[in-house]
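**Student:** A predicted structure for the sequence below; I have some questions about it.
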Amino acid sequence: PRGPVSAPPPPPVKSCNPAEKTAKTLFTEHEDIKGALELMPRYCHDERLLLQALGRNLTHKEAAQAMPHCRMFRQAYWSQVWNLAASERLRRFGRKAVQGDLVVSGGGGPVSWSHLSGFTTRGKNTWRFPQQDERAAPEIKIVSEEDEAKGVYSIHDVVLPVLDGETSPLWPENKVKAALKAIIKQDGMSQVLKKGRGSKQRCALRPLLVKPIDL
């Protein structure tokens with residue numbers, strides 16, 4: 001794990017298999033595609049597919065897009081970004097809703113998560129809200145200083161954006177926004193994120209913490 005985004009990233013974890021370790025070193029440090037492919041074990045299926053594509057003189061982007069599970073890998077990356085942002089949010093502000101947090105509101109206050117089931121297109125824990133029909137969708141708002149002082153919202157109302165480079169980002173307006181952007185910049189993905197700015201579809205939202213009910 002990386003730890004706080006303010007800390008320098010640790011070195012990547014490498015396999016204890018000597019052949020795999022040497023193959024990855026040849027590629028990452030010396031860009032020796034042929035040598036890496038020769039040493040890469042057969043069970044490293046995805047790594048071998050990537051090296052084979054690069055060996056056909058495809059660009060890194062073309063090689064990644066040619067992989068059978070490329071969309072799954074993209075989704076896995078943005079889920080990792082969400083997880084890191086969630087850890088950073090809790091580390092910085094703890095378990096209460098604070099000024100600048102993104103929350104989903106029923107208009108005058110918090111809304112039950114069960115109310116959001118009609119707005120999901122991405123499984124049980126992620127919600128997309130209609131961009132056009134604002135009458136149907138709960139309100140997405142930023143916690144104000146007054147909201148925080150009065151305790152209008154709880155940690156269970158806080159949501160974080162699930163960014164994907166294809167939809168228009170929604171950002172919290174506190175240090176979590178800077179943390180998110182720092183993670184993305186550190187990974188060299190800032191340009192990818194810019195592509196979604198013109199989209200009419202807002203990015204998905206995922207609750208920071210979910211409180212079980214009716215167990």
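**Tutor:** Thanks, I have it.
**Student:** following the helix-or-strand element of the chain with minimal mean pLDDT, which helix or strand comes up?
**Tutor:** Every helix and strand in the chain was compared by mean pLDDT, DSSP states H and E; the lowest is helix 190-194, with a mean of 79. Once the chain leaves helix 190-194, the next helix or strand it forms, by DSSP states H and E, is strand 204-207.
**Student:** chain center to that following strand, what's the gap?
**Tutor:** 10 Å (C-alpha atoms, centre = their mean, to the nearest Å).
**Student:** helices or strands next to it in the packing?
**Tutor:** Where contact means 3 or more C-beta pairs under 8 Å, 6 or more residues apart in numbering; DSSP states H and E, strand 204-207 is packed against strand 158-162. (Each C-beta comes from the backbone N, C-alpha and C, glycine too.)
**Student:** got the CA positions of the strand it packs on in CSV?
**Tutor:** Coordinates of the C-alpha atoms in strand 158-162 are reproduced here as CSV (Å, rounded to 0.1, in the frame of the first residue of the first chain):
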residue,chain,number,x,y,z
VAL,A,158,-20.5,11.3,2.4
VAL,A,159,-19.8,10.1,-1.1
LEU,A,160,-16.6,10.1,-3.3
PRO,A,161,-16.5,10.2,-7.1
VAL,A,162,-15.7,7.1,-9.1
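**Student:** buried sites along it?
**Tutor:** Val158, Val159, Leu160, Pro161, Val162 (16 or more other C-beta atoms under 10 Å).
**Student:** out of the residues you listed, which is nearest to Leu49?
**Tutor:** The shortest gap between Leu49 and any of the buried residues of strand 158-162 belongs to Val162, at 26.8 Å (C-beta to C-beta).
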